[in-house]
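Student: Generate coordinates for the sequence data below:
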Amino acid sequence: MKNYTFKCIRAGGPGPAVHMDICANDDDARRRALALFDIWPLAVKVDVSQGDRHFDVIRPA
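Tutor: The predicted model follows:
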């Protein structure tokens, strides 16, 4: 299990909403990021970081 940080980015909005969670791996973190779009409906992408690694999850069409 690893600590991940999720930053929900809004287009033209205030700073990101930050969420932290523990996930088993990157695929689990990607699923968590997709679930955050339901919690933060104005988010257009989620920046996911774990240590020095980083990836983005874009809102699905």
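
Student: For this protein, list the residue farthest from the centre, please.
Tutor: Most distant from the centre of the chain: residue 12, at 17.5 Å, with distances by Cα atoms, centre = their mean.

Student: Quick check: pLDDT value at it.
Tutor: pLDDT for residue 12: 83.

Student: Which residues does stretch 46-61 contact?
Tutor: Contacting residues not belonging to stretch 46-61 are listed as 2-9, 16, 26, 29-30, 33-34, 36-37, 43-45 [Cβ atoms under 8 Å, 6 or more residues apart in numbering]. Heads up, the C-betas are built off the backbone N, CA and C, glycines and all.

Student: now the helices for this structure?
Tutor: Counting by DSSP state H, the segments of the chain that form helices are 26-39.

Student: circling back to that earlier point, hmm, which of the contacts of stretch 46-61 are the buried ones?
Tutor: The neighbour count (16 or more other Cβ atoms under 10 Å) marks 4, 6-9, 16, 29-30, 33, 36-37, 43, 45 as buried among the contacts of stretch 46-61.

Student: quick one, what contacts the residue farthest from the centre of the chain?
Tutor: Counted by Cβ under 8 Å, 6+ apart, residue 12 has zero contacts.

Student: If anything else comes up later, I'll come back, but that's it for now.
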